[in-house]
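Trainee: return atomic coordinates for the entry below.
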Amino acid sequence: MRGGVRRGSYFFVIDAFIAGIILIFTLVMIFSLFVAQRPTEQSFTYAHDYMMFLSTTEVRDYHDATVDALTVADRKKTLAEQVLIFHNQSNDTAAAVILNATAQSLPDTVVINVNITTEGATMSLYNRSLASASQKRTHLVAKNIAYAIINESQLYGPVVLQVEVWA
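Mentor: Sure thing, here's the model as predicted:
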């Protein structure tokens with residue numbers, strides 16, 4: 001009789017051990033799925049907040065060596081207006097301002113593209129692409145209509161300023 005009790009207890013212990021392994025494996029798989037996904041709300045916040053940053057920050061409030069070295073006639077203009085003025089004059093200066101604003105306000109892991117669309121033609125001002133950009137699943141876009149007054153008499157725009165973020 002004693003031999004039968006030991007044999008039954010071994011099966012119970014082995015069965016409990018196998019059930020524990022299955023439970024632990026299932027929990028690890030479930031929790032690893034939630035860690036691997038990146039929230040798209042954060043990426044949309046990046047696109048929207050960056051667009052708001054460009055549209056509301058005045059040049060006088062933005063301290064950057066590139067902008068400080070340039071001759072800006074009206075420092076009450078927003079960064080978006082000033083980028084449009086630089087784009088009208090020279091695309092290199094507009095791209096430099098966008099590059100520095102992006103480096104200061106967005107993490108290095110964010111893939112971003114800033115475009116200007118005018119009269120049906122789209123031109124890229126800045127494109128930060130990373131090696132892992134092809135693996136990104138979500139493509140989010142924030143758009144804003146912008147214009148700039150040049151020399152108090154000439155209007156540049158309206159154009160569509162577009163910020164694309166990949167998550």
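Trainee: need the residues that contact the helix or strand where Val159 lies.
Mentor: Following DSSP states H and E, the helix or strand that holds Val159 is strand 154-166. Contacts to strand 154-166, defined as C-beta atoms under 8 Å, 6 or more residues apart in numbering, come from residues 43-44, 46-47, 50-51, 54-55, 80, 83-85, 88, 110-118, 122, 133, 136, 138-150. In short, each C-beta sits where N, CA and C put it, glycine included.
Trainee: redo that, cut-off 6 Å
Mentor: 43, 46-47, 50-51, 80, 84, 88, 111-118, 133, 136, 139-150 (C-beta atoms under 6 Å, 6 or more residues apart in numbering).
Trainee: buried subset of the residues you listed, written for PyMOL?
Mentor: Restricted to buried positions by 16 or more other C-beta atoms under 10 Å, the PyMOL selection for the contacts of strand 154-166 reads:
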select buried, resi 43+46+47+50+51+80+84+111+112+113+114+115+116+140+142+146+148+150
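Trainee: strands - which of the contacts of strand 154-166 land there?
Mentor: 111-118, 139-150 (DSSP state E).
Trainee: and the nearest residue to Leu54 once chain neighbours are set aside, what is it in contact with?
Mentor: Leaving out its chain neighbours, the residue that sits closest to Leu54 by C-beta to C-beta, 6 or more residues apart in numbering is Ala80, at 4.4 Å. By C-beta under 6 Å, 6+ apart, the contact set of Ala80 is Leu54, Ser55, Ala146, Leu161.
Trainee: what separates the residue nearest to the last one when sequence neighbours are not counted from Ser55, distance-wise?
Mentor: Leaving aside its sequence neighbours, Leu161 sits nearest to Ala146 (C-beta to C-beta, 6+ apart; 4.5 Å). According to C-beta to C-beta, to the nearest Å, Ala146 and Ser55 sit 7 Å apart.
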